[in-house]
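Novice: Okay, predicted coordinates and the sequence, questions at the end:
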Amino acid sequence: MGFNFDVNRKITDPNFSNDLRQFLEAYGLSQANLENILGISNHSVSRWESNGKSKPSYKFRVRLKKLSEELKNSPS
């Protein structure tokens with residue numbers, strides 16, 4: 001199973017929150033796990049997951065895409 005982010009999707013797209021939720025579920029990650037991996041502050045992912053409150057910069061969307069590709073290609 002795998003999941004990839006579309007980094008070119010408009011960040012205002014309401015589906016981003018759903019994509020993020022699916023990503024976390026697909027790889028068994030918690031919000032805190034992802035924050036540690038990305039080296040970002042506590043509650044950032046929670047804000048990203050909450051529609052309209054906050055969205056990651058393009059830089060972090062690219063990092064999410066890279067991470068999803070790495071996880072997808074790693075042995076289970």
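Specialist: Now that the structure is in, tell me what you want to look at.
Novice: Spatially nearest residue to the residue most central in space within the chain, not counting backbone neighbours?
Specialist: Taking CA atoms, centre = their mean, the centroid of the chain lies closest to L20, which sits 4.5 Å from it. Spatially, and ignoring its direct neighbours in sequence, L20 is nearest to E49 (5.3 Å; CB to CB, 6 or more residues apart in numbering). C-beta here means a position set from N, CA and C on the backbone, and glycine is covered the same way.
Novice: Does A32 lie in a helix or a strand, and which?
Specialist: helix 31-38 (DSSP states H and E).
Novice: which other residues reach that helix?
Specialist: Outside helix 31-38, the residues within contact range by CB atoms under 8 Å, 6 or more residues apart in numbering are 24, 29, 41-46, 49, 60, 63-64, 67.
Novice: In JSON lines, list those residues along with neighbour count.
Specialist: Shown next, in JSON lines, are the contacts of helix 31-38 (neighbours: other CB atoms under 10 Å):
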{"residue": "L24", "neighbour count": "17"}
{"residue": "L29", "neighbour count": "17"}
{"residue": "S41", "neighbour count": "9"}
{"residue": "N42", "neighbour count": "10"}
{"residue": "H43", "neighbour count": "13"}
{"residue": "S44", "neighbour count": "16"}
{"residue": "V45", "neighbour count": "24"}
{"residue": "S46", "neighbour count": "13"}
{"residue": "E49", "neighbour count": "17"}
{"residue": "F60", "neighbour count": "16"}
{"residue": "R63", "neighbour count": "18"}
{"residue": "L64", "neighbour count": "23"}
{"residue": "L67", "neighbour count": "17"}
